[in-house]
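[1] I'll drop the sequence and a predicted model, then ask my questions.
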Amino acid sequence: MNHHILISNTKEYKINTDLISFISHQIEFFTGSNNSLKELSSNKAFEWTIVSQKLNNDLVKIIKKHLLNENIDLNIISTDKERKKKLLLADMDSTIIMEESLDELAKLIGLEKEVSKITSDAMNGKIDFEQALIKRVSMLKNQPITIFNELKKNIKLNIGAKELIKTMNSNGATTVLISGGFTFLTNYLKDFLGFHYSHANILKIEKAIDGSSIISGKVEYPILDKNAKGKFLENYVENLNINFDDALCVGDGANDIEMIKKSGLGVSYNGKDILNNAANVKFKYTNLKGLLYVQGISDKEIIT
């Protein structure tokens, strides 16, 4: 069993030689050997590999304590399998893109406050996702579909999204964008970023009296929710003839829990507490390149 101790912060140049020396010394002290250190990104991401059946808990506690107020992510990846994953399932809202797409649509029609409150409650697991979706979509009733194009112009990609998809595609992985949002945006991002597949909910469109296309305020069934995300993961694993250990899933909210728990690497990206409790990797100070770092991929191997 290999244990990879990964420290990362891509927002600031926080990781200096003193910090690296401290952790290296502790690892040597507790393991009795000089374990391999790898620079993944200069001053931003490093990992140590410990070959052992069991990782010393006191070692982990000391490193955690030392990093407590340093704004540095600490993740430990323990595996005896190939680290580079064959499948990526990525959530869209607040993961691949910075925004919550429904909140942004609501902002365009002056209902941001009402809709964002429901979104927050749903992502924190306080209310049922399906009912929250239905309620928010009903507020969009009779709006022209031209607001879809306005939204596409306004959204921003999270840093590292392009590199993540390009690199995983280059390594032969299957990349999938999966969202409780809507196909008008997931299809656009799929083509723009190069995902192999995308899945999302479908907004029903109807004709207004003047013949223009408007939002009906309804969603086509079945609704893609947290259970659907877990099921999609199962289907891809079966169809690709791979194992769950070969899958990397990333999200930020309660509706991502099922796929996060089932995957070999489940990543909470700036996630809510309810998702952090289910994920085995958590990033708060690291951009989406962190999903490559957890696979042992360094900056020099990343496709830009």
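    Done, it's in.
[2] can you map out the strands along the protein?
    With DSSP state E as the criterion, the chain has strands at 2-8, 36-41, 45-51, 73-79, 87-90, 174-182, 197-201, 203-207, 213-219, 247-251, 265-269, 281-283.
[3] highest mean neighbour count out of those strands?
    Stretch with highest mean neighbour count among those: strand 247-251 (a mean of 29; mean count of other Cβ atoms under 10 Å). For glycine as for every other residue, the C-beta is placed from the backbone atoms N, C-alpha and C.
[4] ok, back up a step: put together JSON lines for the strands of the chain, with mean pLDDT and distance to E301 on each row.
    Shown next, in JSON lines, are these (pLDDT from 0 to 100; distance: least, Cβ to Cβ, whole Å):
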{"stretch": "strand 2-8", "mean pLDDT": "96", "distance to E301": "15"}
{"stretch": "strand 36-41", "mean pLDDT": "95", "distance to E301": "9"}
{"stretch": "strand 45-51", "mean pLDDT": "95", "distance to E301": "12"}
{"stretch": "strand 73-79", "mean pLDDT": "96", "distance to E301": "17"}
{"stretch": "strand 87-90", "mean pLDDT": "98", "distance to E301": "16"}
{"stretch": "strand 174-182", "mean pLDDT": "96", "distance to E301": "17"}
{"stretch": "strand 197-201", "mean pLDDT": "98", "distance to E301": "24"}
{"stretch": "strand 203-207", "mean pLDDT": "96", "distance to E301": "39"}
{"stretch": "strand 213-219", "mean pLDDT": "96", "distance to E301": "41"}
{"stretch": "strand 247-251", "mean pLDDT": "98", "distance to E301": "16"}
{"stretch": "strand 265-269", "mean pLDDT": "98", "distance to E301": "17"}
{"stretch": "strand 281-283", "mean pLDDT": "98", "distance to E301": "19"}
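[5] nearest to A161, of these?
    Relative to A161, the nearest member of the strands of the chain by Cβ to Cβ is strand 87-90, separated by 8.5 Å.
[6] parallel or antiparallel, which strands does that closest one pair with?
    Applying DSSP bridges, strand 87-90 is found paired with strand 174-182 (parallel), strand 247-251 (parallel).
[7] could you dump it to CSV, C-alpha only?
    Taking Å, rounded to 0.1, in the frame of the first residue of the first chain, the C-alpha atoms of strand 87-90 are listed here in CSV:
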residue,chain,number,x,y,z
LEU,A,87,-13.2,8.1,-15.7
LEU,A,88,-14.1,11.6,-14.5
LEU,A,89,-17.6,12.6,-13.5
ALA,A,90,-17.7,16.4,-12.8
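[8] centre of the chain to it, how far?
    Its chain's C-alpha centre lies 9 Å from the corresponding centre of strand 87-90 when counted by Cα atoms, centre = their mean, to the nearest Å.
[9] so which of the strands of the chain is nearest L140?
    So among the strands of the chain, strand 213-219 is nearest, using Cβ to Cβ, at 4.7 Å.
[10] specify the beta-bridge partners of the residue nearest the centre of the chain.
    When Cα atoms, centre = their mean is applied to the chain, the residue found nearest the centroid is V250 (2.9 Å). V250 has these beta-bridge partners by DSSP bridges: A90, V267.
[11] pretty sure it contacts T95?
    Yes. Applying Cβ atoms under 8 Å, one finds V250 in contact with T95, separated by 5.9 Å.
[12] adding distance to D273, write the strands paired with strand 87-90 out as TSV.
    Below are the strands paired with strand 87-90 laid out as TSV (distance: least, Cβ to Cβ, whole Å):
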stretch	distance to D273
strand 174-182	19
strand 247-251	14
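[13] do you know which of those lies nearest K284?
    Per Cβ to Cβ, nearest to K284 of the strands paired with strand 87-90: strand 247-251, 13.5 Å.
[14] relative to strand 265-269, how tilted is the closest one?
    Per axes from the mean of the first three to the mean of the last three Cα atoms, to 10 degrees, the angle that strand 247-251 makes with strand 265-269 is 20 degrees.
[15] what is in contact with V250 and T95 at once?
    Common neighbours of V250 and T95 are listed as Y269 (criterion: Cβ atoms under 8 Å, 6 or more residues apart in numbering).
[16] tell me which of the strands paired with strand 87-90 sits nearest to T304.
    strand 174-182 (16.3 Å).
[17] also compute the angle for the closest one relative to strand 197-201, please.
    20 degrees.
[18] start and end of stretch 138-153, how far apart?
    Distance across stretch 138-153, first residue to last, is 23 Å (Cα to Cα, to the nearest Å).
[19] average pLDDT for that stretch?
    Across stretch 138-153, pLDDT averages out at 94.
[20] cheers, nothing more for now.
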